[in-house]
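Colleague: sequence and predicted model, in that order:
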Amino acid sequence: MIKRFALIIALTLTISAQDGQSVGWITKFGLAGGFNPVYLTPNVDELNKFLPNFGVDKFSSSGMIGFGGSGYVYILLLDNVRLGGMGFGASQVSEGSVNGLNREAELSLSGGAFTVEYTLPFIKTPAVSIGAMIGGGTLQLDLYQNSGDVNWGEVWQGFDSNTDTKNFSMTNSFFMLSPTLNIDYPVTRYLAFRVGAGYLVALGDSWELNNEIELQNVPADINANSFFLQAGIYLGFFAF
């Protein structure tokens, strides 16, 4: 009796799977984690208006490359839905010299987010997913000035307003939302590659200078809103 019941269940599952394959509607399953190169394109036009006065070249308007990591797992309670997380960071540097003093400006953009994706069930391979990233991030501008090598004693003298060494750090912390589109192609059951895109929407316009001092009147166009691309190499288990 038990063997007959088991046989009936097995046949039912086989028939259901074959029916699903005929139309492409199969619940995907998998879990993975990996490495993500990223490409971000924050608008630097407004910021570039100030850099020549500081004595350095303008930032590149073609974007900046960074790195991150991410992972996900399909949740079986909702077919084709996967949850995960991602972290990333990218920066670019511009240097110059004014009256024998070295000057440098560094712009960095970083963030971390919870991810939710729905993998389109009618596409078997690769896995095509639409979703969103929800989290937070930081846009930071650092300005440096020095006359070259500095010894330990000069560091402490650097608080004298007449010193050649001056550093300023301006930080905008923001809440992040981003629609995403990702394509994952499994090479084996345990290795997959990803390409994806999205648009980062930064919510929050407050800035701080150095030790959490409020920085006022920052131009509104200096923000972290950015189109981004990502790639990925994932290790895990894939059943697409």
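Modeller: Yep, that arrived. Numbers count the residues shown, from 1 in each chain.

Colleague: now the strands: where do they sit in the chain?
Modeller: Applying DSSP state E to the chain gives strands spanning 29-42, 64-74, 81-98, 101-119, 127-146, 166-186, 191-203, 207-209, 213-215, 226-239.

Colleague: can I get those strands in TSV including distance to Leu51, mean pLDDT and mean neighbour count?
Modeller: Where you see a C-beta, it was placed from the backbone N, CA and C, and this is true even at glycine. Listed next are the strands of the chain as TSV, based on distance: least, Cβ to Cβ, whole Å; pLDDT from 0 to 100; neighbours: other Cβ atoms under 10 Å:
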stretch	distance to Leu51	mean pLDDT	mean neighbour count
strand 29-42	14	92	19
strand 64-74	15	95	18
strand 81-98	6	95	17
strand 101-119	6	96	19
strand 127-146	10	95	19
strand 166-186	13	94	17
strand 191-203	21	96	18
strand 207-209	17	95	16
strand 213-215	17	93	11
strand 226-239	19	92	18
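
Colleague: distance to Asn53 added to the ones you listed, as JSON lines?
Modeller: Shown next, in JSON lines, are the strands of the chain (distance: least, Cβ to Cβ, whole Å):
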{"stretch": "strand 29-42", "distance to Asn53": "20"}
{"stretch": "strand 64-74", "distance to Asn53": "22"}
{"stretch": "strand 81-98", "distance to Asn53": "10"}
{"stretch": "strand 101-119", "distance to Asn53": "11"}
{"stretch": "strand 127-146", "distance to Asn53": "11"}
{"stretch": "strand 166-186", "distance to Asn53": "14"}
{"stretch": "strand 191-203", "distance to Asn53": "26"}
{"stretch": "strand 207-209", "distance to Asn53": "18"}
{"stretch": "strand 213-215", "distance to Asn53": "18"}
{"stretch": "strand 226-239", "distance to Asn53": "25"}
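
Colleague: tell me which of those sits nearest to Val56.
Modeller: strand 81-98 (3.7 Å; Cβ to Cβ).

Colleague: and the angle for the closest one with strand 191-203?
Modeller: 70 degrees (axes from the mean of the first three to the mean of the last three Cα atoms, to 10 degrees).

Colleague: okay, now the sheet partners of strand 81-98, with direction.
Modeller: strand 64-74 (antiparallel), strand 101-119 (antiparallel) (DSSP bridges).

Colleague: residues touching the residue nearest to the spatial centre of the chain, list them.
Modeller: What sits nearest the mean C-alpha location of the chain, by Cα atoms, centre = their mean, is Phe88, with 3.9 Å. Residues near Phe88 by Cβ atoms under 8 Å, 6 or more residues apart in numbering: 36, 38, 40, 66-68, 110-112, 230.

Colleague: closest to Leu77 out of those residues?
Modeller: Nearest to Leu77 among those, with distances taken as Cβ to Cβ, is Gly112, at 24.9 Å.

Colleague: contacting residues around the closest residue in space to that closest one that isn't next to it in sequence?
Modeller: Distances taken as Cβ to Cβ, 6 or more residues apart in numbering put Gly87 closest to Gly112, at 4.3 Å, once the chain neighbours are dropped. Applying Cβ under 8 Å, 6+ apart, we find Gly87 in contact with 68-70, 110-113.

Colleague: format these as a markdown table; extra columns: distance to Glu208.
Modeller: Shown next, in a markdown table, are the contacts of Gly87 (distance: Cβ to Cβ, whole Å):
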| residue | distance to Glu208 |
| --- | --- |
| Gly68 | 24 |
| Gly69 | 27 |
| Ser70 | 28 |
| Ser110 | 15 |
| Gly111 | 17 |
| Gly112 | 19 |
| Ala113 | 22 |
